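J.: My questions are about this predicted structure, shown below with the sequence.
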Amino acid sequence: MKKVALITGAAGGIGKEFSRLHASKGGSIVAVDINNQGLELLKEELEQKYGINVYIIAKNLTDLKAPKEIYDELNQQQIQVDYLINNAGFGGIGNFHERPWDKDLAMIQVDIIALTGLMKFFLPDFIKRDKGSILNVSSTVSLIPGPGQAVYFASKAFVTSLTRSIYGELADTNVTITALLPGPTETGFGAHSGMEKTSIYNKTASPAEVAKDGYEAMLDGELEIISGVSGLQKLEFKLVPFIPKKKLIDRIKKGQQTK
């Protein structure tokens with residue numbers, strides 16, 4: 001039986017690469033995105049190239065009702081989800097006290113609430129069947145403080161922490177949960193958030209490579225994987241707990257300054 005992957009933010013960036021990768025394995029897809037035109041193009045591409053089924057849901061994940069509506073719609077369509085890939089998310093640069101509340105609230109709703117809500121509805125079904133996998137796209141920034149992007153860094157810290165905690169709760173089941181922690185990646189995210197104007201985005205990773213790392217880690221049931229950064233950078237992230245906090249904050253603050 002073909003595995004069905006529900007992928008949020010499927011119409012672009014890493015989400016599109018997740019979709020292409022899963023389709024190349026013969027799996028069916030539930031593609032969720034706010035970009036309906038992008039979803040239609042994705043459906044046409046993947047169904048023609050791989051002969052798989054793509055069910056599209058055009059949904060704005062800033063809507064608090066969205067996770068339940070997605071879950072209910074799939075139940076009505078009798079579509080059973082095997083893999084939940086929480087990929088949708090966005091950021092925004094600027095000091096916390098200067099950024100508009102509506103933009104930060106929308107970020108929290110997509111990056112935290114929609115992700116948590118989808119797990120809240122689909123995970124019990126996975127546990128009942130004693131199979132299924134969740135992949136949460138977090139970020140390497142979840143491991144460090146983020147002056148200049150306080151809400152975004154904090155939202156990803158939430159995702160990494162939540163994933164680790166649920167991993168422990170699933171220890172006696174065959175259900176797995178994995179966090180993907182990419183570094184800067186060549187997607188529309190950098191332009192949308194303003195991060196492409198910072199030194200952090202001097203070198204970006206391929207979204208296809210990042211998606212492959214995350215997808216394979218999910219299938220292997222790994223707790224988390226860092227992707228899209230050099231070996232030296234991976235070592236630096238491991239050393240973060242030992243760096244004096246104020247020194248680390250100052251260093252990151254300089255890296256967040258726009259060019």
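T.: Thanks, I have the structure now.
J.: Buried residues, the longest helix along the chain. List them.
T.: Across the chain, the longest stretch assigned as helix under DSSP state H is helix 150-169. Buried residues in helix 150-169, counted by 16 or more other Cβ atoms under 10 Å: 150-160, 162-163, 166-167. In short, each C-beta sits where N, CA and C put it, glycine included.
J.: After that helix, which helix or strand is next? Please name it.
T.: For helix 150-169, the following helix or strand on the C-terminal side (DSSP states H and E) is strand 176-182.
J.: For that following strand, which strands pair with it and how are they oriented?
T.: Strands that pair with strand 176-182, judged by DSSP bridges, come out as strand 133-137 (parallel), strand 224-227 (parallel).
J.: what distance separates the longest one from the centre of its chain?
T.: This points to strand 133-137. Computed by Cα atoms, centre = their mean, to the nearest Å, the chain-centroid distance of strand 133-137 equals 8 Å.
J.: Which parts of the chain are strands?
T.: Applying DSSP state E to the chain gives strands spanning 4-8, 28-33, 54-58, 83-86, 133-137, 176-182, 224-227.
J.: among these, which is nearest Ile249?
T.: strand 176-182 (19.7 Å; Cβ to Cβ).
J.: now that closest one and helix 150-169, what's the angle there?
T.: Here the directions of strand 176-182 and helix 150-169 differ by 150 degrees (axes from the mean of the first three to the mean of the last three Cα atoms, to 10 degrees).
J.: Buried residues in strand 176-182, which are they?
T.: Residues 176-182 are the ones in strand 176-182 that count as buried (16+ other Cβ under 10 Å).
J.: gap between Gly148 and Gly183?
T.: As judged by Cβ to Cβ, to the nearest Å, Gly148 and Gly183 stand 17 Å apart.
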